[in-house]
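Trainee: Starting from these lines, generate the structure:
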Amino acid sequence: MSSKNQTLGEFIIENQSAFRYTSGELSRLLNSLRLAAKVVNHEVNKAGLVDILGAAGDVNIQGENQQKLDVYANEVFIKTLTKRNIVCGIASEEEDDFISINSQDENHQNKYIVLIDPLDGSSNIDVNVSVGTIFSIYRRVTPVGTPVTIEDFLQKGSEQVAAGYIVYGTSTMLVYTTGHGVNGFTLNPAIGSFYLSHPNMTFPETGNIYSVNEGNYLDFPLGIKKYIKYCQEEEGDRPYTSRYIGSLVSDFHRNMIKGGIYMYPKGSRNPDGKLRLLYECNPMAFLAEQAGGKSSDGYIRTLDVVPTSLHQRVPFICGSKKMVEKAEEFMREFGE
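Mentor: Below you'll find the predicted structure:
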């Protein structure tokens, strides 16, 4: 029986039998992510004391300026996952292409691939705002023992076997699912262990928070504009409260606890949307559904979208079920 004084390691071991693949490989993979998260957390907490703030001087595949902490977190997660001989492939938001990992063991049977956003919201680090890491795990579809191919990474979100995020804030939390609900673990920095602090996390069915960058309002589809006006009307339990941090992990985490909706629609400046399907939307959609929430692009369930490229962008609406359904109503009625 899970209890609030249970460590993440104990929880993983206790619950691995509920996972349909019980080789123990996924448990070791989750433990590797836990280790990397602690290393990154240590560096994030030193920001301002060491030369880790600011731009690194490079531009990633997304055309965005990389922050020094982006580069650092990317290296830590890739190195940790590679050295521990657990996965057969990694794709990162910070890398142009996927990484195929060839184990030193010629008969390696590694079955999992990881897609990761090493440091979501990193532009906020200079002003001491919460940032996070997002991860998504799949079983490969190509034969075990062969090099991974793009086919292994371009799977629908509904094929995920696990997903989660780490939020580096006033406390550091690791939140994840393997398809059996969502659980959150808080890091005790004194002893370096994550403890179960938020068992069985769920989205309230509805809420009173909407999270969207209203500075882009003129660029939004008409359906989203109408929904925002609906959120602002004085009627019933409205107006809702506008809360937007600009770090997906932080906005999602708050909305899951308090009830709310997060929106990043497409627009003329981002005709395909801004967020990445594989590194951000799919893992968050998996978590949302496991927590009783909902996610779509306004029309299509996020987890049903068939990926066509590693860095594909999509519109994203995610959060409390009734709020997402209301936003979808406005999109169907008013469209673009």
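Trainee: Helix, strand, or coil at L174?
Mentor: Following DSSP: H, G, I helix; E, B strand; the rest coil, the label given to L174 is strand.
Trainee: what about it, neighbour count?
Mentor: If you count neighbours by other CB atoms under 10 Å, L174 ends up with 24. For glycine as for every other residue, the C-beta is placed from the backbone atoms N, C-alpha and C.
Trainee: can I assume it is in contact with A162?
Mentor: No - between L174 and A162 there is no contact under CB atoms under 8 Å: 12.0 Å.
Trainee: which residue is nearest the centroid of this protein?
Mentor: I134 (3.5 Å; CA atoms, centre = their mean).
Trainee: Helix or strand for V76, just tell me which one.
Mentor: Per DSSP states H and E, V76 falls inside helix 68-83.
Trainee: Equivalent analysis for L30, please.
Mentor: Take DSSP H and E as the rule and L30 turns out to sit in helix 25-44.
Trainee: helices and strands around that helix, which ones?
Mentor: In this structure, helix 25-44 packs against helix 8-15, helix 68-83, strand 112-120, strand 131-139, strand 162-168, strand 172-177, strand 183-188, with contacts taken as 3 or more CB pairs under 8 Å, 6 or more residues apart in numbering; DSSP states H and E.
Trainee: Following element in sequence after the second one, please.
Mentor: Same thing as helix 68-83. Downstream of helix 68-83, the next assigned helix or strand under DSSP H and E is strand 87-92.
Trainee: By average pLDDT, which secondary structure element in the chain comes out worst?
Mentor: Across the helices and strands of the chain, mean pLDDT, DSSP states H and E gives its lowest value to strand 55-59, namely a mean of 50.
Trainee: Buried residues in the strand or helix carrying D152, which are they?
Mentor: Using DSSP H and E, D152 sits within helix 150-153. For helix 150-153, the neighbour count (16 or more other CB atoms under 10 Å) marks D152, F153 as buried.
Trainee: residues making contact with that helix?
Mentor: 88-89, 91, 98, 113, 115, 138, 140-142, 278, 307, 310 (CB atoms under 8 Å, 6 or more residues apart in numbering).
Trainee: mind redoing it with 6 Å?
Mentor: Contact with helix 150-153 is made by G89, A91, F98, I113, R140, V141, T142, as judged by CB atoms under 6 Å, 6 or more residues apart in numbering.
Trainee: Model confidence for the first one, exactly?
Mentor: This points to G89. Reported pLDDT at G89 in the predicted model: 95.
Trainee: need the contact list for it.
Mentor: The contact partners of G89, taken as CB under 6 Å, 6+ apart, are F98, S100, I113, V148, D152.
Trainee: If we use 8 Å, what do you get?
Mentor: When contacts are counted by CB under 8 Å, 6+ apart, G89 is found next to F98, I99, S100, I101, I113, V114, R140, V148, D152, F153.
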